[in-house]
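*Asks:* could you work out the structure for the sequence below:
(one chain, ligands or ions: 1)
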Amino acid sequence: MVQWCDTTVSRDGVDLAVRTWSADKSPTVILVHGYPDANHVWEKVAERLSRDFKVVAYDVRGAGNSSVPQGRAAYKLRELRDDLHAVMDAVSPDEKVHLVGHDWGSIQTWESVTDPGAENRIASYTTLSGPCLDHVGQWMKARLREQKIGAVLNQLSHSWYIGAFQLPVLAPALWKAGLAKAWPKVLRRTENLDSEPSATQLQDGTHGIELYRANMLPCLLKPRERHTKVPVQLIVARQDNYVRPAMLEDLSQWTDRLWRRELDCGHWGPLLQHPDVTADWIREFIQHIDGAPASGPLQRSEVTTSQIKGPDSGKRVVITGAGSGIGRETALAFARRGALVVCTDINTEAAAATARIITAEGGEAISRKCDVSSTRSMEALAAWVEKELGAPDIVVNNAGIGLSGSLLDTSVKDWQQVLGVNLWGVIHGCRLFARQMIDQGRAGHIVNVASAAAFMPSRMLPAYATSKSAVLMFSECLRAELGDHGIGVSAICPGIIDTPITRNTRFVGVDNEEQERRRQHAHTFYQRRAFTPDRVAQAIVEAVEKNRAVVPVSPEARGMQWLGRFTPSLARNLAQVEITP
Ligand code: NAD
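*Replies:* Numbers count the residues shown, from 1 in each chain. From the prediction side, this is the model:
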């Protein structure tokens, strides 16, 4: 067992109990514990890190062997921040330090890390299960603006105890009535963890309540904009019952450089269940920040290298059919808002070209080949995205093909192809990525590109219109289901949009020459209509922002929706007209 030494750092009448491992090593790593813990919660991680670093863990005020100052104001974040600075000055007066925080230890460390100029004193920060309270306030405001109330309610339902802690007598009384003694049992039952009873558990539990009372409401109700230039590593505990992973999704907005890694465990799991992994990740990160090359997994965990900062910074967007038309413009639109875009298409070169346009603009994109009609190809794409990037925030199921001609001229193969791409492609995209979003607690959004042909029948489009009206209904069903998980679903019905689709649409029941003539006519007609795909992309971005259910984009799409809904018999009559380009 690695030996440590105990000392005391005093500030403003408060004595902080400080434990140091490997005092002769450098650089210094300071570990800050949460509630209702004391510095011993770090033991396993500290021992592992002390092979390479000087490691310091201290009892925060009110916990363990540190003083217990009186009065709520003594537990304000600024006091906790000043304690941390006193410890930093005592243990590493001349060198920058690396900080690691868990739970409330992380919350209070954020206060230091987001101070202007923090990068001059703090070399790196690894945060576990404790967000900056101002970021949480901003996250809630953003979700309410986007009408993603489900995501906010989900987090609030996991934070019920914060409300209970505001009540005068109840929480301290519970600790005194036996919770302190029963705490290891509570952890075993709720987190499946074995932990040692602590001699100071009663004190840690009762005094720490002041942390909640002094800081929660002011920060959440009036959140400040807190940015940091300190490199941040976020370790997400996927099954954290208190800090839901979805709440951490906007973090890249507040950081210059962010790495994100995920562990399959609960709130205390990284410290008590997976100390080896946690210590390895902290070590690797610190050594990289201090100049060592990043390993492959560390490289891939860096959230974004996009030079574009925008409302979608840090988000991962997957788009099918991104090699052309609406898909390409949508990829560009999200990339210009700071998102990392995965451009997929059956046409490898076209997808790569879209990704190249994005990177040339300073955005971030990856291209992947994928045939949406193939179960295997879509499953491979989803597995790759999950492994390399984690669950996406936004999925746009856009890939589609046109087919025109009567039922009697449409072969089984034609049907299979149109339904395979236009309907099955959407079903695969939804079932695979919705699963990932739910499993990883991501309040994401799915956009399915349908068509105005979904609103009105046409004798010339039995296969295409059927596939698109199925997409519309499917999207509505899904929206009803996924809303419970904070995932929005939108169906987009563009209209007549000038894209290369007219060049590829198949006209069945005619010879090649006639097909070419019809394609050329359709192309000229769509060009004259001059409604460009960037306008559909804009409608898609807005549909995500405002969580819109069904979006008819162009005036004719709105007209067709109106006709289909309010004058169905007129729509039926129009359906009989044979419109041949
Ligand atoms: P487009 O032909 O310009 O782009 C479609 C893209 O999908 C192409 O890059 C193509 O390679 C890709 N693709 C085709 N089959 C695929 C498959 N099996 N797997 C993966 N990718 C595949 O067409 P667009 O106009 O941009 O169409 C995009 C979507 O918008 C389609 O779903 C289409 O039905 C729909 N839409 C278009 C219009 C319009 O007027 N252009 C109108 C209504 C709806």
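*Asks:* distance check, the spatially most central residue of the chain against the ligand.
*Replies:* Central residue of the chain (Cα atoms, centre = their mean): residue 249, 3.8 Å from the mean position. Distance from residue 249 to the ligand, counting by Cβ to the nearest ligand atom, to the nearest Å: 27 Å. (Each C-beta comes from the backbone N, C-alpha and C, glycine too.)
*Asks:* cool, and residue 410?
*Replies:* 16 Å.
*Asks:* and if you look at residue 159?
*Replies:* Plainly put, residue 159 is 41 Å away from the ligand if you go by Cβ to the nearest ligand atom.
*Asks:* for this protein, what's the longest helix?
*Replies:* For the chain, the helix with the greatest residue count under DSSP state H is helix 462-482.
*Asks:* hang on, residue 551 in a helix?
*Replies:* No - read with DSSP: H, G, I helix; E, B strand; the rest coil, residue 551 is strand and lies in no helix.
*Asks:* partners of it in the sheet?
*Replies:* Taking DSSP bridges as the rule, residue 551 bridges to residue 492.
*Asks:* that one contacts residue 489, doesn't it?
*Replies:* No - counting by Cβ atoms under 8 Å, residue 551 does not reach residue 489; the two are 11.6 Å apart.
*Asks:* tell me which of those two has more neighbours.
*Replies:* Using other Cβ atoms under 10 Å, the more surrounded residue of residue 551 and residue 489 is residue 489, with 26 against 22.
*Asks:* what's the burial count for residue 524?
*Replies:* For residue 524, the neighbour count with other Cβ under 10 Å is 12.
*Asks:* assign it to helix, strand or coil.
*Replies:* Strictly by three-state DSSP, residue 524 counts as helix.
*Asks:* tell me how far it lies from residue 316.
*Replies:* Distance, residue 524 to residue 316, by Cβ to Cβ, to the nearest Å: 39 Å.
*Asks:* do residue 569 as well
*Replies:* Using Cβ to Cβ, we find residue 569 at a distance of 46 Å from residue 316.
*Asks:* look at those two and report which has more neighbours.
*Replies:* residue 316 (26 against 7).
*Asks:* checking my notes, residue 125 in a strand, right?
*Replies:* Yes - if the criterion is three-state DSSP, then residue 125 is within a strand.
*Asks:* what parts of the stretch 301-450 of the chain come near the ligand?
*Replies:* Listed as neighbours of the ligand in the stretch 301-450 of the chain under the rule Cβ under 6 Å from any ligand atom: 320-321, 323-327, 345-347, 350, 370-373, 398-401, 421, 449.
*Asks:* report how many residues lie close to residue 156.
*Replies:* Other residues close to residue 156 by other Cβ under 10 Å number 13.
*Asks:* what's the answer for residue 389, then?
*Replies:* Burial of residue 389 is recorded as 18 neighbouring residues (other Cβ under 10 Å).
*Asks:* ramachandran coordinates for it?
*Replies:* When read as degrees, to the nearest 10, the backbone of residue 389 gives phi -120, psi -20.
*Asks:* from the residues of the stretch 301-450 of the chain next to the ligand, list the buried ones, please.
*Replies:* Buried subset of these (neighbour count, 16 or more other Cβ atoms under 10 Å): 320-321, 323-327, 345-346, 350, 370-373, 398-401, 421, 449.
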